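Participant: quick one: sequence plus predicted model below, questions after.
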Amino acid sequence: MATKWSVDLNLKEADVGYTLLQQCPTPYGMKKLNALEKQVEAETNYSGRSSGDGAEKGTMSSIERTLIARKKAKAMAIATAPGKQIMMNGFMMYMSGKSLNLFSISITSMALLSPLKAIFNMGIAFKPFEDPDGKVDLQTAKLAYVALNLLWLIVGLYKMSNMRLLPTTSADWSGSVVWKEMLEGSNIPASW
């Protein structure tokens, strides 16, 4: 007879470490989520008392509200991710120096191309959080995402300007200056 191995990782009240686990503090961010779930559950119970069959409808509504809140939280986490990359890439660009070498050019090109790619692929990044009914509002998350990517792009452009790769001085535009044609010319004859 073959033995199937399985482990149940869910603690029950009769288990040894259950009380110890209940005394541990909740992870960061879970207090807000638990408070939101309790608030939604309280609203559902309040609306469920008013009508007999509304309790089932209210429970479905609380699940939807919790799901919407979680989708918004995840979308904001993705929206603020470029802010973390700005500091990391800014430090890398600072450490690469102002001289033109392969390392500094590759880091600077990454600082320019990555935010542009992220902005153009914003629809793909936020697609898992979109709701077909339009209940999840992603406008603030998308605006924060675009703003942080534009800030990252500005940091890359500043680095290019410091490396003198951007035409920011008048000497950089000397090739496009139109020179006047001489209408008259005078020569000093050579003395023999």
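Facilitator: Perfect, thanks for sending it. Computed from a prediction, not measured in an experiment: that's the story for all the values here. Numbering: from 1, shown residues only.

Participant: if you average pLDDT over the longest helix anywhere in the chain, what comes out?
Facilitator: If you go by DSSP state H, the chain has its longest helix at helix 54-79. The average pLDDT for helix 54-79 rounds to 75.

Participant: which SSE is immediately downstream of that helix?
Facilitator: Downstream of helix 54-79, the first helix or strand assigned by DSSP states H and E is helix 81-96.

Participant: just checking, what packs against that next one?
Facilitator: Judged by 3 or more CB pairs under 8 Å, 6 or more residues apart in numbering; DSSP states H and E, the packing partners of helix 81-96 are helix 102-120, helix 139-162. Any C-beta I mention is one placed from the backbone N, CA and C, and that applies to glycine too.

Participant: buried residues in it?
Facilitator: For helix 81-96, a neighbour-count test (16 or more other CB atoms under 10 Å) marks 82, 85-86, 89-90, 92-93, 96 as buried.

Participant: one step back: packing partners of the longest helix of the chain?
Facilitator: Contacts defined by 3+ CB pairs under 8 Å, 6+ apart place helix 54-79 against helix 30-50, helix 122-126, helix 139-162.

Participant: how many other residues sit next to the closest residue to residue 93 other than its chain neighbours?
Facilitator: Closest residue to residue 93 apart from its sequence neighbours, by CB to CB, 6 or more residues apart in numbering: residue 159 at 4.7 Å. Residue 159 has 23 neighbours, counted by other CB atoms under 10 Å.

Participant: output the lowest mean pLDDT helix or strand found in this protein.
Facilitator: When each helix and strand of the chain is scored by mean pLDDT, DSSP states H and E, helix 30-50 comes last, with a mean of 67.

Participant: about what we covered before: want to throw the helices and strands packed on helix 81-96 into TSV with mean pLDDT?
Facilitator: Below are the helices and strands packed on helix 81-96 laid out as TSV (pLDDT from 0 to 100):
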stretch	mean pLDDT
helix 102-120	91
helix 139-162	93
